[in-house]
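In: Take this sequence and fold it.
(chains A, B, C and D)
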Protein chains: 4
Amino acid sequence: MKIDIQSQNDERNVQIEKVGVKNIKYPICVEDRTNKTQQTIAEIDIYVDLPHDHRGTHMSRFLQVLNSFHGENIIFHLPALLLEVKNQLNSEKAYINIRFPYFVQKTAPVSGLTSLLDYDCVFQASLASVYEFQMGVTVPLTTLCPCSKEISNYGAHNQRSYVTILVRYSDFIWLEELIEIAESKASCEIYPLLKRPDEKYVTEKAFDHPAFAEDIVRDITLVLREDPRIKWFSVESENIESIHNHNAYARIEEQKS
Amino acid sequence: MKIDIQSQNDERNVQIEKVGVKNIKYPICVEDRTNKTQQTIAEIDIYVDLPHDHRGTHMSRFLQVLNSFHGENIIFHLPALLLEVKNQLNSEKAYINIRFPYFVQKTAPVSGLTSLLDYDCVFQASLASVYEFQMGVTVPLTTLCPCSKEISNYGAHNQRSYVTILVRYSDFIWLEELIEIAESKASCEIYPLLKRPDEKYVTEKAFDHPAFAEDIVRDITLVLREDPRIKWFSVESENIESIHNHNAYARIEEQKS
Amino acid sequence: MKIDIQSQNDERNVQIEKVGVKNIKYPICVEDRTNKTQQTIAEIDIYVDLPHDHRGTHMSRFLQVLNSFHGENIIFHLPALLLEVKNQLNSEKAYINIRFPYFVQKTAPVSGLTSLLDYDCVFQASLASVYEFQMGVTVPLTTLCPCSKEISNYGAHNQRSYVTILVRYSDFIWLEELIEIAESKASCEIYPLLKRPDEKYVTEKAFDHPAFAEDIVRDITLVLREDPRIKWFSVESENIESIHNHNAYARIEEQKS
Amino acid sequence: MKIDIQSQNDERNVQIEKVGVKNIKYPICVEDRTNKTQQTIAEIDIYVDLPHDHRGTHMSRFLQVLNSFHGENIIFHLPALLLEVKNQLNSEKAYINIRFPYFVQKTAPVSGLTSLLDYDCVFQASLASVYEFQMGVTVPLTTLCPCSKEISNYGAHNQRSYVTILVRYSDFIWLEELIEIAESKASCEIYPLLKRPDEKYVTEKAFDHPAFAEDIVRDITLVLREDPRIKWFSVESENIESIHNHNAYARIEEQKS
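Out: The predicted model follows:
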C-alpha cells in the first residue's frame, strides 16, 4: 500500500513558518468604487505554517479552497477563505498575497476625454487567532525636480515616478482613495490620453509643482497621519530619473499608537 | 542667487526612514574562496535616513562615495563606505544593498569535467551606532517529489528549484559554505556541463534523494542551527513545479538567542 | 500662435517604419470556445509608418481609436481598428500587438477535479493594402528527458517547459486548438489542481512519454503541416532544465507554399 | 547496452532550424576602446540546425566549446567558436547570441567628475558557409518633448529614453562609436554623477534640444547612412513618457545596397 508521505510524522523538530503555493495566475473580482465590481487577473500566493511534527503540507488543497471562492468579490471573502485554508490544512496560521492590476477611468484636465489608467495593487492578509489585512497600490505619476528648476535659467528635469502606499486600516478604505492621495501630491498626475491643450496643462502644472521624492512621501504621510481609519502605513516613491540611469528613492513607515 | 533647495529647512516634521539611489549598475570585486577575488557586476542601492528638518538629501554624494571605493574588495570595505556615506550626508544611519551574480567552478560527478555555475547573491548592510550585515545566496538545484515517487509505479516528477539562504554571522562565512549547505540537502545539485555518465549519476541520485520544499528548508535549518558563527538566518525553497504552472514554496526564519 | 510641431514638414527624407505607443495596459474581451467570450487584461502596442516628409505622429489618436473599440470582441474588430488607426494617422500601414493571459478550464485526469490554467497569448496584426494576422500561444507542459530515462537504472529528469506556437491561417482557428496540439505532444500536460491519484497518473504518463525539445517541435510541426487552414507557423520549445541552470531550446518555422 | 538516443535516426523528416542552449550566465572579456579589454558577465544562447534524420543534438558539447574559449576576447573568437560548434555538432549552421552590460566612463559636463555608466549590449553571430555578425547597444538618454515645449508657457515634459542601435558592418566599429552617435542626437546625454552646475547644464541643454522619438531615430539614421562601414542597421527609441504610463516608440531599419 502506498504511504501518504505528507502525513508522515516528522522528527526533525523544525516548525515551518510558511509553506504553500506561489505565483498562481487567477481571475478575480474586486470592489470598484464607481462600477461596484471589477474583473481582473491576479497573481496569488497562499501559505500556511506547518507544525514541527508534520512532514509536508497538501498543496492541492490550497487550489481547491481558492476555487471554492471563484467569482466572489475577493476582499470581503478573505477571512472566510483563510479560515477554510487553515481548516483544510490543519494549521495555526494562513497567509495570502494577491497582486493585480486595477483600472480607473481618468478624465483629461482640459479636453475632458476619458481613458483607463492601470494601477498595480496588492492585498496581503493573514489569519491566526486574529485577522490582519493590508492593502497597497502603486501609482504612476509625474515628478519635476525642484533643484533642477531652481538652478536652471529655464526648464527642469522631470520623469515618471511610482508611488507605493500600503495601509492597515480599521474602517474600509477604497483603492481609489489611496490613488487620489498619491496623485494629489505629485507634480502632476498621469493620464493615458492627452490632447494638445491637456499636454500644455500637465506641462505647466508639473512646472508649478516641483517635488522631490522626499517631498512626495512627506506630503502623503501628512494626509495618512490625519486619516483616523489608518492604523499603519508605508509610502515609497521611486523616480525613473530622466538625467540618470538609476532611480531616486524615498520611504517612510509609521505605526500609529 | 540660486538657493540650495535640498539644504532648506523643512517644517513638515516628518522624518524619512530611507532616501537615496536605487538600481545603480556597478562593477565590483568580491571575496572568492578559491581565487581570492572575483570581478562581477552588481546592482546597488544606497540610502540614508533624513532628519525631519532637512528638505532633501544630496543624491550625487552617494555616487561619489561609491566611486571612492571602486576596485576595492567590497565586503571588507562596507563599514568604511557606510561611515563615509553617513558623514557626507549628515545622517544617523546609512544602508546598502548589493545584488550580484557569483560564479563557482563545478566538477561533473563522473566525467570530472569542469564548468562555471552562477549564483545570485546579496550583501545587505547598515550602519547607525552599530554595523549590521547580512549575506545571502540563491542556489539552483534539483528537487524530486517524495510523494510522486511513493505513489507511482515508476518515475517521479522533479524540477529546478531555487533555495535562498540569508545569514547574519559573528565570524566570517564564505558564500561557498552557504552554497555547499544548500546543495548537500538537494535531491541533486546542478551542473552546467554533464556528459552521459554524469547524467545517469544525477538522475539516479535525485531519485534516491527525494525531497519536498519542506524537507529542504528543514534540513538546511538543522545545519545552520549547529553553526555557532550564525546568529540569524532565513531559508526559502521555491520549486518550479514540473506538473503545475505555479511554484511550491517553503520558508523558515530563526533568531538564535 | 503655437505651432503644431508634429504636423511640420520634415526635410530629412527619412521614412519611419514604425512609430507609436507601446506597453499600454488595457482590459480586452477575447473569443472563448467554451464561454463565447473571456475578459482579460492585455499589454498593447500600436504603430504606424510615418512618411519621410512628416515631422511626427499624433500619439493621442492611438489611444482614442483603442478606446472606441473598448468592450468589443477584439479579434473580430482588428481590421476595423487598424483601418481607423491608418485613417486617423494618415499612414500607409498600421500595426498592433496584443499580449494577454488566457484561461482554460482543465480537468484532472483521474479525480476529474477542475481548475483554471493560464496561457500567455498574442495577437499580431497589420494593415497596409492587405490585412495580415498571426496568433500565438505559450503552453506550459511537462517534458521528460529520453536520454536520462534510457541511460539511468531508474528515474528520469523532467521539468516544466514552455511551447510557443505562432500561426497565420486562412480560416479561423481557436486558441484552444493550438493549446491542445501542444499538450498532446508533451510528455504530460500540466494541471493546476492534482490529487494523489492524478499525481500518480501524470508521473507515470510523463515517464511513458519521454520527449526532447527536438521531439516536441517536430511532432507539433507534423500536426501543423497537415492542417489546411494554416499557411505559416513557428513552434518553439524551451525547457527549464531540472539538471542545469540554463534552458534547452528548439525552434522550427515553416511557410507553406 | 544503453542506446545513444540523440544519435538515433529520425524518420519524421522535419529539419530543425535552431536547437541548443539558452540563457547561460557566463563571464566574458570584451574589447574596450579605452582600456583594451573589459570583464563583464553575459547571458548566452548557442544553437545549431539539426538535419531531418538526426533525433537530437548533444547539449553538453555547446558548453564544452564555450568553456574552451573562456577568457578570450570574445568578439575576435566568435568565428572560431562557431566553427567549433558546427564541427562538434555536425551541423550546417551555428548561432550565438551574447547579451552583456558594458561600462563607459562618463565625465560630467561642468564639474568634470567621472563615473561609470552601464549600457546593455548584444553580439549576434552565425556561421554557415559565410560568417554573419551584428552588434547592438542600448543607450539611456534624456529626451524632451518638442510639442510640450512649444505649446506650454514654461517647462516641457522630458524623460529617460532608451535608444537601441543594431549594425552589420564591413570594418570594425567600436561599441563606443555607436554610443556616441546615440548620445549626440539626444536632448541630453545621461551621467551617473552630476553636481549642481552639471544639473543646470543638462537641464538647459535638454530644453535647448527638444527631440521626439521620431527625431532621434531619423537623426541617428542620417549618421549611420553616411558611415561606409555600416551595411545594415536598425535604430529604435523608446521613451518612458513622464506624462503617461505607457511608452512612445519609433523604429527604422535600412539595408544599404
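
In: Close to chain C: what parts of chain A are there?
Out: Applying Cβ under 8 Å from any Cβ of the partner chain, we find that chain A lies next to chain C at A:2, A:4, A:24-27, A:39-41, A:60, A:63-64, A:67, A:70, A:101, A:103, A:113-116, A:118, A:192-196. Every C-beta, even on glycine, is put in place using the N, C-alpha and C of the backbone.

In: hey, where'd the strands end up in chain A?
Out: In chain A, the segments counted as strands under DSSP state E are A:16-32, A:36-50, A:94-107, A:114-127, A:131-144, A:158-169, A:188-189, A:230-239, A:247-255.

In: Tell me the strands beside the shortest one, with direction?
Out: Within its sheet, strand A:188-189 is paired with strand A:131-144 (antiparallel), according to DSSP bridges.

In: Strand A:94-107 and the strand it pairs with, what's the angle between them?
Out: With axes from the mean of the first three to the mean of the last three Cα atoms, to 10 degrees applied, the angle from strand A:131-144 to strand A:94-107 works out at 40 degrees.

In: returning to what we had before: ChimeraX command for the buried members of the residues of chain A next to chain C?
Out: Buried subset of the residues of chain A next to chain C, written as a ChimeraX selection, criterion 16 or more other Cβ atoms under 10 Å in any protein chain shown:
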select /A:24,25,26,27,39,40,41,60,63,64,67,101,103,113,115,116,118,192,193,194,195,196
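
In: out of the residues of chain A next to chain C, which touch chain D?
Out: A:118, A:192, A:194, A:196.

In: Could you tell me which residues make contact with the second one?
Out: Right, the one you point to is A:Pro192. With contacts defined as Cβ atoms under 8 Å, 6 or more residues apart in numbering or on different chains, A:Pro192 is in contact with A:106, A:115-117, C:24, C:63, D:244-246.

In: Let me have those residues in JSON lines, extended by pLDDT.
Out: Output for these, formatted as JSON lines (pLDDT from 0 to 100):
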{"residue": "A:Lys106", "pLDDT": "98"}
{"residue": "A:Ser115", "pLDDT": "97"}
{"residue": "A:Leu116", "pLDDT": "97"}
{"residue": "A:Leu117", "pLDDT": "98"}
{"residue": "C:Ile24", "pLDDT": "98"}
{"residue": "C:Leu63", "pLDDT": "97"}
{"residue": "D:His244", "pLDDT": "96"}
{"residue": "D:Asn245", "pLDDT": "96"}
{"residue": "D:His246", "pLDDT": "97"}
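
In: Closest one to chain B out of the residues you listed, please.
Out: Distance to chain B across the contacts of A:Pro192 (Cβ to the nearest Cβ) is lowest for D:Asn245, with 19.1 Å.

In: Counting neighbours, what do you get for that closest one?
Out: By other Cβ atoms under 10 Å in any protein chain shown, the residues close to D:Asn245 number 21.

In: Surely it touches A:Asp120?
Out: No: under the criterion of Cβ atoms under 8 Å, D:Asn245 is not in contact with A:Asp120, lying 10.2 Å apart.

In: Dump the ones next to chain D among the residues of chain A next to chain C into JSON lines; add pLDDT as well.
Out: Below are those laid out as JSON lines (pLDDT from 0 to 100):
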{"residue": "A:Asp118", "pLDDT": "98"}
{"residue": "A:Pro192", "pLDDT": "97"}
{"residue": "A:Leu194", "pLDDT": "97"}
{"residue": "A:Arg196", "pLDDT": "96"}
